[in-house]
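Chemist: based on what follows, work out the 3D shape:
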Amino acid sequence: MLNAGYFNMGVSKFRKAQLKIQQMAFMLIAITIFFALVGLFFISFKVNELKNQATNIEEKNAMMIATRVADSPEFSCGDSFGPGMTSCVDSDKIMMLKEGIEKYKGFWQVADIELRKIYPKLGGDKKCTMNNYHDCNVIEVYKNPSLNRIGDYSTFVSLCKKDSFEGVGYDKCEIAKLIIGYASRS
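Modeler: This next block holds a predicted model:
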């Protein structure tokens, strides 16, 4: 015969064992959720770090383009205004380039390229066209509408052109700022 106390003691031990198993299961689930959250936090931190690195690379790319674009054949004065002129941009070339810019889509991996005359100063911003480029101060050379501009990098250049006064030709150079707008690719 079974003793009733022995049977009750077995059930009590069984319930305690079952409770211990449930506690262990809840602890394992809690630890798993904790490590999953830590993993998600780590992944989001790394993704954010990668986005920042991509933005820094885009900024450095814009800086390299800004420092080199003035001496590129599409922009540079060459020997037109004297030998050995560096960071000299030919405004006549720029205006012609601006008119046929659709041929350069994708050539520069930047959001936009702009030249702003800073000396001699004009009152307000006046965008340059083929009709008024002798009396304006903002030349929008290139704009890529598919890219969102998030920042820019600029460098100072000499903006030169051939001009005439009372029938006598001369070289007219002004101080300008070459601004390269960069965008995030993400």
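Chemist: switch to C-alpha atoms for all contacts and neighbour counts from now on
Modeler: OK.
Chemist: what helices or strands is the strand or helix carrying S158 leaning on?
Modeler: Taking DSSP states H and E as the definition, one finds S158 inside strand 149-165. Packing contacts for strand 149-165, counted by 3 or more CA pairs under 8 Å, 6 or more residues apart in numbering; DSSP states H and E, involve helix 4-69, strand 88-90, helix 91-99, strand 168-183.
Chemist: mean confidence score for the shortest one?
Modeler: Going back to what we said before, that points to strand 88-90. Across strand 88-90, pLDDT averages out at 88.
Chemist: also stretch 123-136?
Modeler: Mean pLDDT, computed over stretch 123-136, is 84.
Chemist: buried ones in that stretch?
Modeler: 128-129, 133, 136 (16 or more other CA atoms under 10 Å).
Chemist: so how far is the first residue of it from its last?
Modeler: 10 Å (CA to CA, to the nearest Å).
Chemist: per-residue pLDDT, P120?
Modeler: Predicted confidence (pLDDT) for P120: 80.
Chemist: likewise for F45?
Modeler: In this model, F45 carries a pLDDT of 95.
Chemist: and for it, the neighbour number?
Modeler: 11 (other CA atoms under 10 Å).
Chemist: tell me how far it lies from I150.
Modeler: F45 is 21 Å from I150, by CA to CA.
Chemist: for G124, same thing?
Modeler: 24 Å.
Chemist: coming back round to it: now, among the buried residues of stretch 123-136, which is nearest to T86?
Modeler: Y133 (22.5 Å; CA to CA).
Chemist: wait, a strand at the closest one?
Modeler: No: using DSSP: H, G, I helix; E, B strand; the rest coil, the secondary structure at Y133 is coil, not a strand.
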